[in-house]
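Novice: Got a sequence here, can you build the structure:
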Amino acid sequence: MKQYKKLAINTFFFALGNIGSKSIQFLMLPIFTRYMIPEDYGKLDVINTTISLLVPILSLQIIEAIFRFAVESRVDHKNRDLLSTATLFSLIAFALSLFVHPVLMRIDVFSRYSTYFYVIFYLTILNGVAKQYIRGLEKIKLYVFSDILYSLVFAVSNAILLVVLRLGMKAYLVSNIVALSCASLLIILVAGLYKQIRLRIDKSLLKEMLAYSVPLIPNGIMWWIVTVSDRYIVTYFLGYESTGIYSVAARFPSLLTVLYGTFSQAWQLSAMEEYGKEDYGVFFGKVFGVISSVMFLSSSSLFLIIKPFIGVFVGRAYAESWKYVPFLFLGAVFYTFASFYGVNYGASKRTIGAFSTSVVAAGVKIASILAVIRLLGLQAASISSLLAYLSMWLARIFHTRKLVQAKVDSNRLILSSVLLVAQALILLLVKKSIVMYTLQGITLVILLLLQWKYLRQILRFGRALFQERGTRA
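Specialist: Reported below is the predicted structural model:
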């Protein structure tokens, strides 16, 4: 009961930060789609996509390592120069980024916004180091508040620079810089990190950290291919405008990934603490049963409202983006499943497994989108994402059997997945609204019945936790 309680409490705090911060950014979408043309929005997405590729490569995934080693330092009480080593190493990562400058300058969007690009690149690493360090030390409230502060500053800055001053792409880039700076300063000052940083790199510690993080680099690249490489392919074949429309469509599945993200951060902490214990397999299986049920029901419910919602939520230039959302929703569900299983690689420190399964997904992603993009156009990107995440999840089910013996209800998972795919096809193919919503409603009810076992577990646990807190009060 203790590990479930801790997981629930940490999930609650992470939920405050994730849902609070991400909802603010999501609510900015009507502004972006009304004050920014699809071509400019597509260019911004390419810039962000490139930063998301270079950060893990040039930083040698030091951000992932600092979280893992901060957890260990909290448990074994070893006081080493962890923060100083990671922070100073981030400067080396920035220096390495200058070597790609000649290549980037050949591309118009980067040559025009190169200063913004490099500032955001370094602040992303610095903010990542600070956040993962305090997260590993379980300073959850500060971690959460920094996310909320970032989103608030980002929103207010865009409201001024984009809506009032009409600065276009520059408004978004400047707002990102200001928001990252404020969030980083908050952590540094409140957590007193400035007191811990010395101009010294612990070479032995750095060697240990890189031994953990470097194998994650290929995995990071594979994840990048799976998640956002389609932006480059869409831009090449269909242009920046299509990239902008697809980027808006991809925002809506974030409703699911944010929901899972509130849980996954707490799940990582619990998995690392519980891994290797005798009852870990049981713990893993029960938690996965609950989270898969929540994902199935959440996505099914969103299918009911997503088409009319998008019609009023985004600007007219982006109205067709709803067509690409159904398969992206399905992909988001399987992404959460693959991510859930992937935690075992970090907990066991066998990170090479994360890479091998990501290679499978990356190969499926590139092969599938290139095979059908000329035939299906923009829909090829959403279908390829679905196939990539599904293949990654299946590969990790097979591969992690050596790491954890977890019993899952395979029949429920298969039937629920088939029903969800059917609901997506109903949304896309059935034209009459009455028929479409009736069929979707029936599908949702069947899914609800299939997940009832795990919904009852959630209710029982919530009741027990409430009663325990009431007794203490």
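Novice: Would you pull up how far stretch 224-244 lies from the middle of the chain?
Specialist: How far stretch 224-244 lies from its chain's middle: 18 Å, per C-alpha atoms, centre = their mean, to the nearest Å.
Novice: Could I get the average pLDDT for it?
Specialist: Per-residue pLDDT over stretch 224-244 has a mean of 94.
Novice: Pull up the distance across that stretch, start to finish.
Specialist: Length of stretch 224-244, first residue to last, C-alpha to C-alpha, to the nearest Å: 18 Å.
Novice: Return the set of buried residues in it.
Specialist: 224-231, 233-235, 237-238, 240-244 (16 or more other C-beta atoms under 10 Å). In this view, the C-beta of every residue, glycine as well, is placed from N, C-alpha and C.
Novice: can you give me the helices in the stretch 151-300 of the chain?
Specialist: Along the stretch 151-300 of the chain, counting by DSSP state H, counting those that start in this stretch, helices occupy 169-190, 203-213, 216-228, 230-238, 240-251, 254-274, 280-313.
Novice: Mean pLDDT lowest where, among those helices?
Specialist: If you rank the helices of the stretch 151-300 of the chain by mean pLDDT, helix 254-274 sits at the bottom with a mean of 77.
Novice: That helix vs helix 216-228, what angle?
Specialist: Taking axes from the mean of the first three to the mean of the last three C-alpha atoms, to 10 degrees, one finds helix 254-274 and helix 216-228 inclined to each other by 160 degrees.
Novice: counting contacts, what elements does helix 254-274 pack onto?
Specialist: helix 2-27, helix 62-76, helix 280-313, helix 325-348 (3 or more C-beta pairs under 8 Å, 6 or more residues apart in numbering; DSSP states H and E).
Novice: Quick check: mean pLDDT of the last one?
Specialist: Read that as helix 325-348. The pLDDT scores in helix 325-348 average 89.
Novice: coming back round to it: find the one among the helices of the stretch 151-300 of the chain with the highest mean neighbour count.
Specialist: With neighbours taken as mean count of other C-beta atoms under 10 Å, the helices of the stretch 151-300 of the chain reach their highest mean count in helix 240-251, at a mean of 24.
Novice: Quick one: residues in contact with it.
Specialist: Under the contact criterion C-beta atoms under 8 Å, 6 or more residues apart in numbering, helix 240-251 has outside partners 26, 29, 33, 37-43, 45-46, 230-231, 234-235, 314, 318, 320-325, 328, 377-378, 381-382.
Novice: Make JSON lines from the helices of the stretch 151-300 of the chain and add distance to residue 354 to it.
Specialist: Below are the helices of the stretch 151-300 of the chain laid out as JSON lines (distance: least, C-beta to C-beta, whole Å):
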{"stretch": "helix 169-190", "distance to residue 354": "27"}
{"stretch": "helix 203-213", "distance to residue 354": "12"}
{"stretch": "helix 216-228", "distance to residue 354": "4"}
{"stretch": "helix 230-238", "distance to residue 354": "21"}
{"stretch": "helix 240-251", "distance to residue 354": "23"}
{"stretch": "helix 254-274", "distance to residue 354": "13"}
{"stretch": "helix 280-313", "distance to residue 354": "16"}
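Novice: if we compare those, which one ends up closest to residue 359?
Specialist: Closest to residue 359 of those is helix 216-228 (C-beta to C-beta; 5.5 Å).
Novice: Tell me which other helices or strands that closest one touches.
Specialist: helix 38-58, helix 352-376, helix 379-399.
Novice: So which of those helices is the most surrounded?
Specialist: Of the helices and strands packed on helix 216-228, helix 379-399 is the most buried (mean count of other C-beta under 10 Å), at a mean of 23.
Novice: just how off-centre is stretch 250-270 within its chain?
Specialist: For stretch 250-270, the distance to the chain centre is 6 Å (C-alpha atoms, centre = their mean).
Novice: before we move on, what about stretch 433-453?
Specialist: Averaged C-alpha coordinates place stretch 433-453 at 28 Å from its chain's average position (C-alpha atoms, centre = their mean).
Novice: Over to stretch 388-404?
Specialist: Taking C-alpha atoms, centre = their mean, one finds stretch 388-404 lying 18 Å from the centre of the chain it belongs to.
Novice: How about residues contacting it?
Specialist: 226, 275, 280-281, 284, 331-335, 337-338, 341-342, 344-345, 348, 350, 353, 356-358, 360-362, 364-365, 368.
Novice: now do 6 Å
Specialist: Applying C-beta atoms under 6 Å, 6 or more residues apart in numbering, the external contacts of stretch 388-404 come out as 226, 281, 284, 331, 334-335, 337-338, 341, 344, 348, 353, 357, 360-361, 364-365.
Novice: do the same with stretch 320-340
Specialist: If you take C-beta under 6 Å, 6+ apart as the criterion, stretch 320-340 is touched by 245, 248-250, 252-253, 256-257, 260, 288, 295, 299, 306-307, 310, 378, 382-383, 385-386, 389-390, 392-393, 396, 424, 427-428.
Novice: In that stretch, which of the residues would be classed as buried?
Specialist: So, applying 16+ other C-beta under 10 Å, buried residues of stretch 320-340: 321-340.
Novice: on that earlier part again, could the helices and strands packed on helix 216-228 go into CSV alongside distance to residue 116?
Specialist: Below are these laid out as CSV (distance: least, C-beta to C-beta, whole Å):
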stretch, distance to residue 116
helix 38-58, 8
helix 352-376, 29
helix 379-399, 26
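Novice: Redo those as CSV? Include distance to residue 186 and mean pLDDT.
Specialist: Converted to CSV, the helices and strands packed on helix 216-228 look like this (distance: least, C-beta to C-beta, whole Å; pLDDT from 0 to 100):
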stretch, distance to residue 186, mean pLDDT
helix 38-58, 21, 93
helix 352-376, 31, 92
helix 379-399, 34, 94
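Novice: So which of the helices of the stretch 151-300 of the chain is nearest residue 155?
Specialist: Closest among these, once you apply C-beta to C-beta, is helix 169-190, at 8.2 Å.
Novice: CA-only coordinates of the closest one, as CSV, when you get a sec.
Specialist: Provided in CSV are the C-alpha atoms of helix 169-190 (Å, rounded to 0.1, in the frame of the first residue of the first chain):
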residue,chain,number,x,y,z
MET,A,169,7.5,34.5,-35.2
LYS,A,170,9.8,36.7,-33.2
ALA,A,171,7.0,37.1,-30.5
TYR,A,172,7.0,33.3,-30.0
LEU,A,173,10.8,33.0,-29.9
VAL,A,174,11.3,35.9,-27.5
SER,A,175,8.6,34.7,-25.3
ASN,A,176,10.2,31.3,-25.1
ILE,A,177,13.5,32.8,-24.1
VAL,A,178,11.9,35.0,-21.4
ALA,A,179,9.9,32.1,-20.0
LEU,A,180,12.8,29.7,-19.9
SER,A,181,15.0,32.3,-18.1
CYS,A,182,12.3,33.1,-15.5
ALA,A,183,11.7,29.4,-14.8
SER,A,184,15.4,28.6,-14.4
LEU,A,185,16.1,31.6,-12.2
LEU,A,186,13.2,30.6,-9.9
ILE,A,187,14.7,27.1,-9.4
ILE,A,188,18.2,28.4,-8.9
LEU,A,189,17.2,31.0,-6.3
VAL,A,190,14.5,29.1,-4.4
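Novice: re the thing from before, wait, which of the helices and strands packed on helix 254-274 is closest to residue 87?
Specialist: Checking the helices and strands packed on helix 254-274 against residue 87 by C-beta to C-beta gives helix 62-76 as the closest, at 9.2 Å.
Novice: packing partners for the closest one?
Specialist: Applying 3 or more C-beta pairs under 6 Å, 6 or more residues apart in numbering; DSSP states H and E, we find helix 62-76 packed against helix 82-97, helix 114-136, helix 203-213.
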